[in-house]
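>>> Please work out how this folds:
(one chain, ligands or ions: 2)
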Amino acid sequence: MNPDICRERENATFNTETLTNMLDGSAEKTRRRREIESLVINDPDFQHDDPNFMSRSERYDAAVKKSSQMIMKLRDYGISDPEEIYFYKRTARRTFHEAFGLHYTMFLPTLYSQCTPEQQKKWLPLAENFKALGTYAQTELGHGTHIRKLETTATYDPSTQEFVLNCPTVSSIKWWPGGLGKTSNHAIVLAQLYTLGKCHGLHAFIVPIRCMKTHQPLPGVTVGDIGPKFGFEEVDNGYLKLENVRIPRENMLMKYAQVEPDGSYLKPPSDKLTYGTMVFIRAMIVGESARALSKSCTIAIRYSAVRHQSELRPGEPEPQILDYQAQQYKLFPLLAAAYAFTFVGQYMSDTYHRITGHINQGDFSQLPELHALAAGLKAFTTWTANAGIEVCRMACGGHGYLCCSGLPDIYVTFTPTCTYEGENTVMMLQTARFLVKCYRQAREGQQLSGTVSYLNEQQRLQPQPVSSRPTVVNINDLASLVEAYKLRAAKLVEVAAKSLQGELQRSISQEDAWNNSSIELVRASDAHCHYVVVELFAAKLSEISDTAVHSVLNTLALLYALHGITLNSGDFLQLSQITQRIKALLVEIRPNAVALVDSFDYNDEMLNSVLGRYDGNVYESMFEWAKRSPLNRTEVRSFIIFNIIQKK
Ligand SMILES: CCCCCCCCCCCCCC(=O)SCCNC(=O)CCNC(=O)[C@H](O)C(C)(C)COP(=O)(O)OP(=O)(O)OC[C@H]1O[C@@H](n2cnc3c(N)ncnc32)[C@H](O)[C@@H]1OP(=O)(O)O
Ligand SMILES: Cc1cc2nc3c(=O)[nH]c(=O)nc-3n(C[C@H](O)[C@H](O)[C@H](O)COP(=O)(O)OP(=O)(O)OC[C@H]3O[C@@H](n4cnc5c(N)ncnc54)[C@H](O)[C@@H]3O)c2cc1C
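Numbers count the residues shown, from 1 in each chain. Ligands and ions are numbered 1, 2, ... in the order given. Just a heads-up that it's a prediction; the model follows:
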């Protein structure tokens, strides 16, 4: 074990196992998680070479093989709890997505949430036994964001009681769905529904695309892989062109809207229920932001504890780079954000399941807030985590740029979360739409609830414009900082609403007023999400009984809140005092930095990083890894080429 990293662990002021148990929910949950992870770690079938040594086709083949092995093994172990399946898979997947990913994350959830009981009886056994292997085909070449303008059509033919599906233009070709290129034999296709000559907008249909026996594309189906991407090499994101493909009427997902045999249309209680799967994934992505950022911090902080470089005081040995204030200022606010997002991810998942429970009982009243919260927190946390992974990579110097550091793979796998499942700017504007509506309701004296109730508070406190009030904070008191974030959010929502109002008074259209206020609208959503994150971090602390753990997390929460103020100093005051306080907090966190990342409890296999190894023996393992590179399997390859050129 590297002596530096040993010393770091000896210096910690709290028990990492206590914090790990808290993150898992209990000591028993930690035990069970580790037990499941060890099933993968000790399984020779999963001890394979680094995908970075493979071609794209080899990576895809290996991913399909792994997906298949996981299915069989989970069955053999009798593991069926979704959370336990997730622990098993994320250990086997390491940093990468799996070939069957869309089947699990979108195809199955859509069947669960949008099929009638009769349809579930038919499709769930097929899908749960992987006979029907599916994807979620919504995005087209011409449209990803503006889904009301998607062009694929599903036209009802009452004479045969079938829908006829068509992609009428090049721009209507389905493009991007994961698992579409080679893997899936079915797709949930989002198409404009036409019946009795009328268009009823976007609805979901189960479309067979490949023969379940031969896996060949079915008649009228053109399907394939869209080619190499920035990452996601294991996933066959594909294209799909449908030409007069007929499916039975019963293949329209009819839990909310129906088409009768005669073609008459029965509309849903809300036309946004078709969008439900997207809300689910957005809510789950918040937890993925926490995991990607916490893995990156684990790698960068452990490496910074064993890397010695430069000279801090003349004549003294080279210090650990973790002792540089500049290195701490890069990494510790991200460590704080990783903990903050872990708690927000838990809150988002709980809130999603609570509200969808009400929706399943027919109460749709909280759907707008769920949509706004999932959209905003997905954008807020992925933008922060995305930038943070890059900071962690660069904080590791040249070795961070090596694939064996794990950081490039974490980055290229994580970064599309800022785009898919709702492009982040568009998501922030969706949240702003909800905030402006709530602001107006508060002005009219309506009582708000949930995460926007502060808009009432700010109205009651002082009727004069919120934006005129100074933000004075006690920079050592988290509750005071939460209030500052709340006031800032209220201010920026008011600024955005007033910008809209101003634009409208210039007698331009609602749409132009909206577009001309987009900067303020996005900033208002960002401030709202930032307040929600700080508020949830503070709320979590009140649940922690262990004083040592409470103390170290309180320090992180103060750092997160104060660092956020420096990033948005225009909205707050007292900058110089805050900088000094931040420096003091960095010093406070320093002895616990490694223990704090150890508490995330990532085993080396899942971390997949020679820099972030638990034992800190970086250089030895880097050299071993490099020697395994395919290019090193032969000595004279390039020399032969060089000689040929020389002889010409
Ligand atoms: C375990 C999980 C792991 C996680 C990792 C998985 C990796 C997976 C791998 C990768 C997988 C990637 C897979 C993929 O990428 S799948 C494809 C993902 N695509 C998208 O997300 C498309 C994004 N675009 C949209 O959602 C819509 O076009 C938007 C929303 C932009 C506008 O839409 P539209 O033009 O229709 O609406 P409007 O703006 O006129 O507003 C009208 C009203 O509608 C309300 N509204 C709007 N939307 C919703 C909603 N959803 N629920 C409830 N309500 C909603 C809205 O609040 C407003 O209400 P009001 O103000 O009028 O009251
Ligand atoms: C790795 C990956 C996996 C994917 N998997 C799937 C899948 O499985 N199934 C599926 O259906 N799709 C999938 N997608 C597609 C993804 O959902 C879309 O790319 C995403 O919805 C963004 O749409 P777009 O690509 O059309 O971008 P656009 O919407 O064209 O965005 C381009 C720019 O336009 C801006 N913009 C657009 N509209 C507005 C507006 N109203 N106001 C302000 N600015 C705006 C955006 O902010 C952005 O800066 C995947 C994408 C990726 C990268």
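
>>> which element is the residue nearest the centre of the chain on?
For the chain, the residue nearest the mean C-alpha position is Ile285 (2.7 Å; Cα atoms, centre = their mean). In this assignment (DSSP states H and E), Ile285 forms part of helix 276-306.

>>> Starting from that helix, tell me the next helix or strand along the chain.
Next helix or strand after helix 276-306 toward the C-terminus (DSSP H and E): helix 325-360.

>>> and the angle from that following helix to helix 276-306?
With axes from the mean of the first three to the mean of the last three Cα atoms, to 10 degrees applied, the angle from helix 325-360 to helix 276-306 works out at 160 degrees.

>>> by contact count, what packs against helix 325-360?
Secondary-structure packing of helix 325-360 (3 or more Cβ pairs under 8 Å, 6 or more residues apart in numbering; DSSP states H and E): helix 276-306, helix 367-394, helix 518-541, helix 547-567, helix 575-589, helix 593-598. C-beta coordinates here come from the backbone N, C-alpha and C atoms, glycine included.

>>> could you dump the ones you listed to TSV with distance to Ser80 and mean pLDDT?
TSV is the format used below for the helices and strands packed on helix 325-360 (distance: least, Cβ to Cβ, whole Å; pLDDT from 0 to 100):
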stretch	distance to Ser80	mean pLDDT
helix 276-306	19	95
helix 367-394	26	97
helix 518-541	30	96
helix 547-567	32	96
helix 575-589	40	80
helix 593-598	31	96
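
>>> Present the ones you listed as CSV; the columns should include distance to Phe46.
Formatted as CSV, those follow (distance: least, Cβ to Cβ, whole Å):
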stretch, distance to Phe46
helix 276-306, 18
helix 367-394, 25
helix 518-541, 34
helix 547-567, 33
helix 575-589, 35
helix 593-598, 23
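
>>> CSV please, covering those helices and showing distance to ligand 2.
Below are those laid out as CSV (distance: least, Cβ to the nearest ligand atom, whole Å):
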stretch, distance to ligand 2
helix 276-306, 9
helix 367-394, 10
helix 518-541, 6
helix 547-567, 21
helix 575-589, 31
helix 593-598, 28
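
>>> What is the helix or strand containing Lys486 packed up against?
Element membership for Lys486 (DSSP H and E) is helix 478-505. Secondary-structure packing of helix 478-505 (3+ Cβ pairs under 8 Å, 6+ apart): helix 424-443, helix 454-461, helix 510-516, helix 518-541, helix 547-567.

>>> looking at these, which is closest to ligand 1?
Nearest of these to ligand 1, taken as Cβ to the nearest ligand atom: helix 424-443 at 4.9 Å.

>>> Please export the C-alpha coordinates of the closest one as CSV.
Extracted C-alpha coordinates of helix 424-443, given in CSV (Å, rounded to 0.1, in the frame of the first residue of the first chain):
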residue,chain,number,x,y,z
ASN,A,424,-30.1,21.1,-21.3
THR,A,425,-30.9,24.7,-22.5
VAL,A,426,-34.3,23.5,-23.6
MET,A,427,-34.8,21.8,-20.3
MET,A,428,-33.9,24.9,-18.4
LEU,A,429,-36.4,26.8,-20.5
GLN,A,430,-39.1,24.3,-19.6
THR,A,431,-38.4,24.8,-15.9
ALA,A,432,-38.5,28.6,-16.5
ARG,A,433,-41.9,28.2,-18.1
PHE,A,434,-43.2,26.6,-14.8
LEU,A,435,-41.4,29.2,-12.6
VAL,A,436,-42.9,32.2,-14.4
LYS,A,437,-46.3,30.7,-14.2
CYS,A,438,-45.8,30.1,-10.4
TYR,A,439,-44.5,33.7,-10.0
ARG,A,440,-47.6,35.1,-11.5
GLN,A,441,-49.8,32.9,-9.3
ALA,A,442,-47.9,34.1,-6.2
ARG,A,443,-48.4,37.7,-7.3
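
>>> tilt between it and helix 518-541?
Using the same axes, to 10 degrees: helix 424-443 against helix 518-541 is 80 degrees.

>>> Can you mark which positions in stretch 19-33 are buried?
Going by neighbour count (16 or more other Cβ atoms under 10 Å), the buried part of stretch 19-33 is Leu19, Thr20, Asn21, Met22, Leu23, Asp24, Lys29, Thr30, Arg32, Arg33.

>>> And it, end to end?
End-to-end distance for stretch 19-33: 15 Å, by Cα to Cα, to the nearest Å.

>>> And the pLDDT at Gln574?
Looking at Gln574, its pLDDT reads 57.
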